[in-house]
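Asker: Sequence isn't available, so here's the structure alone:
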């Protein structure tokens, strides 16, 4: 399963999307304001792979040293490839 989250950490939708991914042991892609979840200590205990859209992180001024280790930056083509390779894709929260 692959979960796409677009809402920030300060919203119920954003928190719900991350919780769903955590509960389902799914991989997650953070887009738009959800890229703020990638900041250090915001995804504590998350066991799946975490992807963020590089362009969205850049537009919001996030720097690499602010991000949790192990987070992979991707572009829109990378997101499409990830979605195509999954049986189930859930989003947008």
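Answerer: Great, that's in hand. These numbers were taken from a predicted model, which means no experiment stands behind them.
Asker: could you give the mean pLDDT of stretch 71-81?
Answerer: Per-region confidence: stretch 71-81 scores 96 on mean pLDDT.
Asker: Now the terminal residues of it, how far apart.
Answerer: Start-to-end span of stretch 71-81 (Cα to Cα, to the nearest Å) is 17 Å.
Asker: what does that stretch contact?
Answerer: 4, 29, 31, 38, 49-55, 57, 82 (Cβ atoms under 8 Å, 6 or more residues apart in numbering). Using the backbone N, CA and C atoms, a C-beta is placed for each residue, glycine as well.
Asker: For the protein, just list every one of the helices.
Answerer: Assigned by DSSP state H, the chain shows helices spanning 12-23, 54-59, 76-84.
Asker: Can you point out the buried residues in the last one?
Answerer: I take that to be helix 76-84. Neighbour counts over helix 76-84 (16 or more other Cβ atoms under 10 Å) mark 79, 82 as buried.
Asker: now stretch 7-18
Answerer: For stretch 7-18, by 16+ other Cβ under 10 Å, it's 7-9, 14-15, 17-18.
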